[in-house]
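>>> Have a look at this prediction, sequence included:
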Amino acid sequence: MKILLGVTGSIAAYKAVEITSRLKKAGNEVKVIMTANATKFVSKRTFAEISKNAVSVDMFSEPDYKAEHIELASWADLVLIAPATANIIAKIANGIADDTLSTTILATKAPVIICPAMNTNMLSNTATQTNLKTLTQRGIEIIEPATGILACQTVGKGRLPEPAEIVEKILNHQNKKPLPMKLLVTAGATIEPIDPVRYITNHSTGRMGYAIATQAIKRGAEVILISAKAELQPPEGVKFIKAETALEMHDKVLEHFNSVDAVIMTAAVSDYRVKNISTQKIKKSADTLTLELVKNPDILKELGKVKTKQKLIGFAAETENLLENAQRKLREKNLDFIVANNVTQAGAGFAADTNIATFISKTGQVQNLPKMSKLSLADEILNLLIER
Ligand code: CTP
């Protein structure tokens, strides 16, 4: 893989030398762009010697100037910025291109991975956090900084993780094969109205489905994201369709089903809806109130009955008897895979950024995955569509 390493002006810049060396040893070609401030910590020559390639700093001062930022931007299979200062993060978030590195990042179509490293207060500052969130929403992967003693003699979050750890993540990234397919992903919590101001819903945040859509887009898939309630920005590049109730989601999913190669159904669909939705706000009167509920269609089960070429992946969020329940759903809904998770486990709940999942295939294979970020789990789920 051709890796473009961006090094910015942080004391941790010396660790980027080891990153370069490890990436080279793993068989990658590495080219380095340094910011002017980075050269105050480590010399350009060090990176040139280790990478065995010329190092760019100032695009206008190179002896053979030839729009190098464009050339490097299209040369790279992957761009890694380690260490990334608050400054470069802010520049990328705002599309600023005022040196070789920031210009190259703006011009590249390659996936970008960023390793922030800075003082704890700079990291926790709302400006930096907002910028990091913007980058994540655009599909840029952030490798979380570690906690420990920082160069400024304070203890806190902000250290660049160990080079071996960063390189392992980059090598894992190579497992993300392209996904040349059309995918339908559902996400979020459906809402079932009771009256004009009230509704029944559940704790799903939509994060898992949005993470799958984000990663699938990055891997070249065409993605339709049908979303119920979720307080998230749809990833750039998806065809976004809003569906609030289970019935709306049912209709939208069936409308698009024939045109897709696979469906990943992460939405937490309400099993029941209110039979008679009141047209007026229900007034408080008697001590008890009974709502009559009627069953919603099981969308996935319907897809299982009519599927032709499509692969179907369902989810089973359980609080007990995980495997039995998930296996039953896999069978009854005629799925290819089910992603089971026990939502009572720490790090696997609805609002968490992580998940602990078990994959079960229709052929009976069971694969337990360790706790991982929802973005990493999204990639593992997408791998099911191309590996088996
Ligand atoms: N699902 C669906 N339509 C429904 C209910 C669920 O398509 N009306 C899908 C979900 O998106 C999920 C899978 O079916 O991918 C399993 O959902 P879950 O709520 O865990 O299971 P249910 O079949 O509803 O069974 P139960 O609520 O009894 O656990």
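On my side now, so go ahead.

>>> Just the CA trace of stretch 331-345, in PDB.
Written as PDB, here are the backbone C-alpha positions of stretch 331-345 (Å, rounded to 0.1, in the frame of the first residue of the first chain):
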ATOM      1  CA  ARG A 331     -33.900 -19.000  11.000                       C
ATOM      2  CA  GLU A 332     -37.300 -17.500  11.100                       C
ATOM      3  CA  LYS A 333     -36.400 -14.400   9.100                       C
ATOM      4  CA  ASN A 334     -34.300 -16.500   6.600                       C
ATOM      5  CA  LEU A 335     -31.200 -14.300   7.100                       C
ATOM      6  CA  ASP A 336     -27.600 -14.900   5.900                       C
ATOM      7  CA  PHE A 337     -26.100 -13.500   9.100                       C
ATOM      8  CA  ILE A 338     -27.300 -12.100  12.400                       C
ATOM      9  CA  VAL A 339     -25.300  -9.700  14.600                       C
ATOM     10  CA  ALA A 340     -26.200 -10.600  18.200                       C
ATOM     11  CA  ASN A 341     -25.400  -8.400  21.100                       C
ATOM     12  CA  ASN A 342     -26.300  -8.400  24.800                       C
ATOM     13  CA  VAL A 343     -27.300  -4.900  25.500                       C
ATOM     14  CA  THR A 344     -26.900  -5.200  29.200                       C
ATOM     15  CA  GLN A 345     -23.100  -5.700  28.900                       C
END
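
>>> buried ones in that stretch?
Across stretch 331-345, burial judged by 16 or more other C-beta atoms under 10 Å covers 333, 334, 335, 336, 337, 338, 339, 340, 341, 342, 343. All C-beta atoms are positioned from the backbone trio N, CA, C, and that covers glycine.

>>> can you tell me which of these lies nearest to the ligand?
Nearest to the ligand among these, counting by C-beta to the nearest ligand atom, is residue 333 at 6.2 Å.

>>> tell me the SS of residue 237?
coil (DSSP: H, G, I helix; E, B strand; the rest coil).

>>> So it sits against residue 223, correct?
Yes - under the criterion of C-beta atoms under 8 Å, residue 237 is in contact with residue 223, at a separation of 7.3 Å.

>>> ok, now how distant is the closest residue to residue 292 other than its chain neighbours from residue 193?
Nearest residue to residue 292, sequence neighbours excluded (C-beta to C-beta, 6 or more residues apart in numbering): residue 275, at 4.3 Å. Distance of residue 275 to residue 193, given as C-beta to C-beta, to the nearest Å: 12 Å.

>>> on that earlier part again, the residue nearest to residue 292 and the ligand, how far apart?
According to C-beta to the nearest ligand atom, to the nearest Å, residue 275 and the ligand sit 16 Å apart.

>>> and that residue, how many neighbours does it have?
9 (other C-beta atoms under 10 Å).

>>> Quick check, it in contact with residue 295.
No - in this structure, residue 275 is not within contact of residue 295 by C-beta under 8 Å, at 10.2 Å.

>>> For residue 78, list each beta-bridge partner.
Taking DSSP bridges as the rule, residue 78 bridges to residue 3.

>>> and if you look at residue 268?
For residue 268, the beta-bridge partners under DSSP bridges are residue 189.

>>> again, but for residue 372
Under the criterion DSSP bridges, residue 372 forms beta bridges with residue 355.

>>> Identify the spatial nearest neighbour of residue 210, chain neighbours not counted.
That would be residue 232: by C-beta to C-beta, 6+ apart, it lies 4.9 Å from residue 210.
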